[in-house]
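>>> Predicted model and sequence below, questions to follow.
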Amino acid sequence: MNKAKRDLVLELVRSRYGERWRIRRTENLWIATALDHGADHAPTIVQPILDDFVRDLEDPPKRAGGPSMLQAPLFAERLRKLADGVYLDDTPPI
């Protein structure tokens, strides 16, 4: 039976920042996605170095674009949220 090795550093970062960010990592990158889609800061942070990643979690860079398109009235009125990041538009095609 193969048990996955615990990633203690990942667990520590998640325990500290997990209320604001969904955090994961690959072999070479640290990745965080903001849980608040309407936040005024960058919705995603990607860094190869842990110190830079934590610095960005503490003080996220500004958002590059405007608010999420999902918040625009055109979409908000038509979409039904099924799950986190999953939406349904059951409007018939024109």
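Now that the structure is in, tell me what you want to look at. Numbering: from 1, shown residues only.
>>> Identify all contacting residues around stretch 17-24.
By CB atoms under 8 Å, 6 or more residues apart in numbering, the list of residues contacting stretch 17-24 from outside reads Leu10, Val13, Arg14, Trp30, Ile31, Ala32, Thr33, Ala34, Leu35, Asp36, Ile45, Leu57. Where you see a C-beta, it was placed from the backbone N, CA and C, and this is true even at glycine.
>>> cutoff 10 Å now
Stretch 17-24 has contacts (CB atoms under 10 Å, 6 or more residues apart in numbering) with 7, 10-11, 13-16, 30-36, 39, 41, 44-45, 53-54, 56-58, 60, 84.
>>> Please tell me how far it is from the chain's geometric centre.
For stretch 17-24, the separation from the chain centroid amounts to 8 Å (computed by CA atoms, centre = their mean, to the nearest Å).
>>> What of stretch 84-94?
Distance, centroid of stretch 84-94 to centroid of chain: 21 Å (CA atoms, centre = their mean).
>>> gap between the two ends of it?
Taking CA to CA, to the nearest Å, the first and last residues of stretch 84-94 lie 28 Å apart.
>>> And for Ala32, the neighbour number?
26 (other CB atoms under 10 Å).
>>> Quick check on the contacts of stretch 17-24: which are buried?
Buried members of the contacts of stretch 17-24, counted by 16 or more other CB atoms under 10 Å: Val13, Arg14, Trp30, Ala32, Ala34, Ile45, Phe53, Val54, Asp56, Leu57, Pro60.
>>> So which of those residues are in helices?
Judged by DSSP state H, helices contain the following of these: Val13, Arg14, Phe53, Val54, Asp56, Leu57.
>>> farthest pair in the residues you listed?
With CB to CB as the measure, no two of those lie farther apart than Arg14 and Asp56, at 15.3 Å.
>>> ok, back up a step: quick one: which of the ones in helices among the buried ones among the contacts of stretch 17-24 is nearest to Asp90?
Nearest to Asp90, judged by CB to CB, of those is Arg14 at 35.5 Å.
>>> Can you tell me the closest non-neighbouring residue to that closest one?
Nearest residue to Arg14 in three dimensions, chain neighbours excluded: Ile23, at 5.1 Å (CB to CB, 6 or more residues apart in numbering).
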